[in-house]
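Asker: Please find the sequence and the predicted model below.
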Amino acid sequence: MIDMTCPSCGRAGRVPRDKINMRLVCKKCNRVFHLTPQGVAILGEPPAVKAGAAARASREGGRSESEKADWRDMMPEGGLTISRRGVMIGGAAVLILGSLYLYMNMPSETLEDKTKEVGYALAGNDLGVIRGLASSGTTADAESWARGVHDLLERKRASWTNKEVRTQANVIEQNRRLSRGESMIVLYPDAATTRNNEISTEADLGGPMSKNAVMISVYWSLDSLGKWHVDGAGCLKALAMSQ
């Protein structure tokens, strides 16, 4: 140990020999000082600290302002590392945002378009399409409804001269605020090859209708994504009441 006194306030103390030329701070006056190899206390930073500061200042002085602001100066030592989990999370985020962008920019489907799709499916007895368009929890009802419509259509077609089925879609109501809609599908024989006495004009339905046309009410529900689905239970009930 070396006996010494603070060169600023004179406070006495002892310092280990391995603290020579090390930065010391007086506990009484908080002044910075160091001990020379001869054991003399001198105010100020030790030579090693001064030399390091001077070297750093020299390096900084030789760099331009843009170099001093280089992004690599802000990186942690050892460089930037990205974990596999981070890559997966980032990829998933990009995929979700991309899907959301595509969905938001997709043209919105109209109830008239969905009604036409159901009309073609009923005319062709395509139960797969009907099941796919049914609202949640009404798939079985929608399938039973489609089978009932097909049976009714087959009975009507027995009296048609031309067996080819034409379809017409008419929207009656679409209330997005209440998430419900109603439309009408008309299945009738192709007028191009049907005897004139089998054709009549129904102005409220928007075109030529066969006297033996099948007119089907379709009820709809709107899901949380703004897509229309067939209310199978409502359609089945309406079909039963019409017969």
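Answerer: Ah, there it is. Bear in mind that the values here come from a model prediction, so they are computed numbers and not experimental data. Numbering: from 1, shown residues only.
Asker: Please enumerate the strands of this structure.
Answerer: Ranges of strands in the chain, per DSSP state E, are 2-5, 12-15, 24-25, 32-35, 41-43, 165-175, 180-189, 199-202, 207-210, 214-222, 228-230.
Asker: tell me which residues in the second one are buried?
Answerer: When you say that, I think you mean strand 12-15. Using 16 or more other C-beta atoms under 10 Å as the test for burial, strand 12-15 gives residue 15. C-beta coordinates here come from the backbone N, C-alpha and C atoms, glycine included.
Asker: Tell me the helices and strands packed up against that strand.
Answerer: Judged by 3 or more C-beta pairs under 8 Å, 6 or more residues apart in numbering; DSSP states H and E, the packing partners of strand 12-15 are strand 2-5.
Asker: and if you look at the shortest one?
Answerer: For strand 24-25, the elements it packs on are strand 32-35, judged by 3+ C-beta pairs under 8 Å, 6+ apart.
Asker: which helices and strands sit right next to the strand it packs on?
Answerer: Helices and strands touching strand 32-35, by 3+ C-beta pairs under 8 Å, 6+ apart, are strand 24-25, strand 41-43.
Asker: Output the strands of the chain in TSV, with distance to residue 144 and mean pLDDT appended to each entry.
Answerer: Formatted as TSV, the strands of the chain follow (distance: least, C-beta to C-beta, whole Å; pLDDT from 0 to 100):
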stretch	distance to residue 144	mean pLDDT
strand 2-5	102	80
strand 12-15	98	82
strand 24-25	90	86
strand 32-35	92	84
strand 41-43	99	83
strand 165-175	21	91
strand 180-189	17	93
strand 199-202	28	40
strand 207-210	25	46
strand 214-222	14	94
strand 228-230	12	95
